[in-house]
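**Q** Give me the fold of what follows.
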Amino acid sequence: MGMRRLLTCLLVAQAVLSCGVARAETNASGKQSYVQLQTLALSTIRSSGRRGVLTVEVGVDAPDPALRDKVDLYTPLLRSAYISALQPYGLGLQPGSMPSADYISMTLQRETDRVLGRRGARLLLGSILIN
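**A** Reported below is the predicted structural model:
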């Protein structure tokens, strides 16, 4: 009975893990369409009144191979545009208030379109933390 239960648990675990494996889309050139950018760090004021850091994890999904190559090339410009657009927001946050993921997403998507010169790349947010 114990061995049968162990085998059943292993089969269920294997099924769960195989369903949970995410596969990144690749384009014709063999590259993944998703580019993870370095975490953005901005100044803010914490609830204690001291200076804090607002961190935002971002990535860009560009299924078009030409646009994907442009994202690779423009990564430093994208990071600079993101920080320049969000720094006033971070400093303007009221101490103790939560950052708006909707506002951050909208602002960074607008900057993505502006820097790349066209639409088609989709901005994806990870975690947003105030430390």
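
**Q** So for the helix or strand encompassing Pro76, what gets flagged as buried?
**A** Here Pro76, judged by DSSP states H and E, is contained in helix 75-92. Using 16 or more other Cβ atoms under 10 Å as the burial criterion, the residues of helix 75-92 that qualify are Leu78, Arg79, Ala81, Tyr82, Leu86, Tyr89, Gly90. Where C-beta positions appear, they are placed from N, C-alpha and C, glycine not excepted.

**Q** ok, so of those residues, who is nearest Arg46?
**A** Using Cβ to Cβ, Gly90 is the member of the buried residues of helix 75-92 that sits closest to Arg46, with 11.4 Å.

**Q** Counting neighbours, what do you get for the residue lying closest to the closest one once chain neighbours are set aside?
**A** Spatial nearest neighbour of Gly90, excluding adjacent residues (Cβ to Cβ, 6 or more residues apart in numbering): Leu42 at 3.8 Å. Leu42: 20 surrounding residues under other Cβ atoms under 10 Å.

**Q** wait, doesn't Leu42 sit right on Val53?
**A** Yes. Counting by Cβ atoms under 8 Å, Leu42 does reach Val53; the two are 7.0 Å apart.

**Q** Tell me where the protein has strands.
**A** Listed in chain order, the strands of the chain (DSSP state E) span residues 34-36, 40-45, 51-61, 122-130.

**Q** mind putting those strands in a markdown table, mean pLDDT and distance to Gln94 included?
**A** What follows is the strands of the chain, written out as a markdown table (pLDDT from 0 to 100; distance: least, Cβ to Cβ, whole Å):
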| stretch | mean pLDDT | distance to Gln94 |
| --- | --- | --- |
| strand 34-36 | 94 | 30 |
| strand 40-45 | 92 | 8 |
| strand 51-61 | 95 | 12 |
| strand 122-130 | 94 | 12 |
